[in-house]
Every structure is written in C-alpha cells, then in structure tokens.
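Asks: Would you be able to build a 3D model of this:
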Amino acid sequence: MLNEHRRIARALTKERRVLTSILHKAPVIEDLLRRHRCEGMTRGLSNYNEEMTREFYASYATTAQNSISKWAMPVAQPPLQSTLMWGFQVDISEATICRFIYGPAHTLPINTIEYDYKICIVQSGSIQRDADQRETLLRWMERYIAEDGECTEWVQNPTLSIRKVTLSFAVKFFCLLVRNRHSPTQADNVVTWDRAVMKVAIMAGLEIDFAHILIAEIHKRAFKNTTTLPFPCLIFHLCREASVPIWHCDRLLEVTKTLDIDLIRDDANPVSPWMELKVDVPHLDVDLTADVEQIQADDSTIPAPTTDTQAPPSSATSQALSSS
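Replies: Okay, here's the model as predicted:
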C-alpha cells in the first residue's frame, strides 16, 4: 500500500473531454485527425479512481525496481509490459494501448522512421552541435508551424524558447490535444523543442507511435515523486480490462473539465470560430478630448455631450421663496 506521504505528494493530472462540435469549420484540423487516425483522442473519457491510479504507479515502480539490480537505474530500463494491481496482472503493452487509442480494429503497422530521426536530432543534442542539421530542422519546423515563417523569433535564434503565441492556429489545437491526452505538462505558454517536433510531424503527416509515447510517459512519471500522475482514465480502463475489482474503491470520479476548440483564437483568420465578443476599440492618443471630438465628428450616431444647465426659477417659485 502507499504511505501517507506519497498520497499527499502525488496529485493526479486532470484530464479533459475534447469538444469538437464545430470541427467541420476547421477542415485542416479535421483532415489531420483522420490522417493520423486520432479520432479516438476526441472521444469521451471514462471514469477514474484516484486510489487506483496512485496504487498503479506505486506497483509499477516497485515491479520495475525488483526486476533489476540495485545499482541499475530503473528509469533507464525499457518500459514494463505488465504489472500487478491488487493481485491481478494488468497488460500495459503497446499493443493493448494501441487498441485503447485507435480502437479494437486497428492492425495497421506504424512506420515512425522519419519521425524518430527528427526527434533524435533534438533529444541527442545535435541541434546545438551540428549547424547543418539545425538549419534543416528549423526550416522544416518553420514551414509547418511558425505563424510568421522565417521571421519567427525562435527560428532566427534557436536558443530561445518556443512560445505558443508564435504558432499557427492548427498547431495550437494539437498542442492542447497532445498536452491533454498524450504528453501532459504544466507549462501552457511555452512548448519544448521535442514537443514542437511532435507537432510539426503531425502537421507534416508523419506517422507517430502514440502508444509508445504513452507507455514511455508512464514509465518516466512512475519514478518522479515531484510530478503529477497522468492518464488516470487510461489506467482505469486497463485495470478494468484485467478484471481488477473496484468494489472497495471509495468513489469513482468523472471527467468534467473540457477542452473546446471554440476557445482557441485564430488571429490570422478573423472569421474563425471565437466564442468571446470581439470589440474594436479605436486607438486614443495623449489628447483624449480631441480624439473623442474627432470620433464624434466622424460618427453622427454618437450624440454630442450636453452641458447640464439649471433653468431660471419661475416667478411663482420666486414669490414663494421670498414670502417664506
């Protein structure tokens, strides 16, 4: 069982239901979802249980540590194919997770050679050491995700962070989708270089093994006591598929937060869906009085300001006041 300190230290990553009711208005995103067979990312999530999620990660870490020598680094070992959960063997292989992501009928092989080569340039540090590889990778990334093309700050200076505001509208959507379903991170305004390469690969149509990314993230998070525990809905699904009982769980929770494509603003496309009311405010200089007068002169619908004047008292009122 988990000790009390670990229960407090490890919070769960809050997952969101993806709302795509107006996805047909963003055909680029809709086409990419179909091309990558990622419709499963947008389907509803199941329930989950906090105790089951924490127990799963604790069991995973213990199983991995018991299978290696005490001098070996567990995080450097390959991910487990299965783990014990309350006496039941839970299958967490890539094939099982593939069925969860793509559906039970998915049998197509995933060719990730080109994506693996691109991501290796970043993860191995070649992007800093090899000028030719850096230039080629930056031009590839700029073509697919940079809002301002080669003028984007991180394209001109690769030492800078990739801010989400510099990315195109479609990439912002996949940033939120991947961050929510496959690679959770607390940072929302900055995209790491490896995650940026993943977004470029999605936009370029390269095949990505999302099941491998999921199990690798589970493996990494199991040994980090200072991070949140991701994928509670996936873990609940895998445990239920292995007939792990839930009768003793205190309560089942339901995913209530949502990720709505309507809320992603596309500054480059003013007619794109945007739920908030957009008001165009005219620019005002230092002399506010002159600016307001000019606006009123240009727009006859705006009434001119009136000065309140006090009417002179009537004769009857004056007589009443004098008699009093």
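
Asks: Using the record's assignment, carve this structure into domains.
Replies: 1-107+212-293, 111-208 (automatic domain parsing).

Asks: Adding mean pLDDT and mean neighbour count as columns, could you present these in JSON lines?
Replies: For glycine as for every other residue, the C-beta is placed from the backbone atoms N, C-alpha and C. Shown next, in JSON lines, are the domains of the chain (pLDDT from 0 to 100; neighbours: other CB atoms under 10 Å):
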{"stretch": "domain 1-107+212-293", "mean pLDDT": "75", "mean neighbour count": "15"}
{"stretch": "domain 111-208", "mean pLDDT": "83", "mean neighbour count": "17"}
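
Asks: what about the strands in the stretch 151-300 of the chain?
Replies: Ranges of strands within the stretch 151-300 of the chain are 162-163, 190-191, 258-260, based on DSSP state E, counting those that start in this stretch.

Asks: Please name the residues that touch L80.
Replies: 60, 63-64, 67, 92, 219 (CB atoms under 8 Å, 6 or more residues apart in numbering).

Asks: Now the two most distant members of the residues you listed.
Replies: Pairwise distances across those (CB to CB) peak at 14.2 Å, for the pair S67 and I92.

Asks: quick one on the thing from earlier: let's see which of the contacts of L80 end up in helices.
Replies: 60, 63-64, 219 (DSSP state H).

Asks: Which stretches in the stretch 51-200 of the chain count as helices?
Replies: With DSSP state H, counting those that start in this stretch as the criterion, the stretch 51-200 of the chain has helices at 94-102, 113-123, 126-129, 131-145, 153-156, 169-181, 193-204.

Asks: Pretty sure V75 sits against F223.
Replies: Yes - under the criterion of CB atoms under 8 Å, V75 makes contact with F223 at 4.7 Å.

Asks: Adding distance to F174, write the contacts of L80 out as JSON lines.
Replies: Listed next are the contacts of L80 as JSON lines, based on distance: CB to CB, whole Å:
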{"residue": "Y60", "distance to F174": "28"}
{"residue": "T63", "distance to F174": "33"}
{"residue": "A64", "distance to F174": "31"}
{"residue": "S67", "distance to F174": "36"}
{"residue": "I92", "distance to F174": "25"}
{"residue": "H219", "distance to F174": "23"}
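
Asks: gap between Q128 and N47?
Replies: In this view, Q128 and N47 are 44 Å apart by CB to CB, to the nearest Å.

Asks: before we move on, what about S124?
Replies: Counting by CB to CB, the gap from S124 to N47 is 40 Å.

Asks: and of the contacts of L80, the nearest to P79?
Replies: When the contacts of L80 are compared for distance to P79 (CB to CB), H219 wins out at 4.1 Å.

Asks: The closest one contacts V75, correct?
Replies: Yes - using CB under 8 Å, H219 is in contact with V75, at 7.1 Å.
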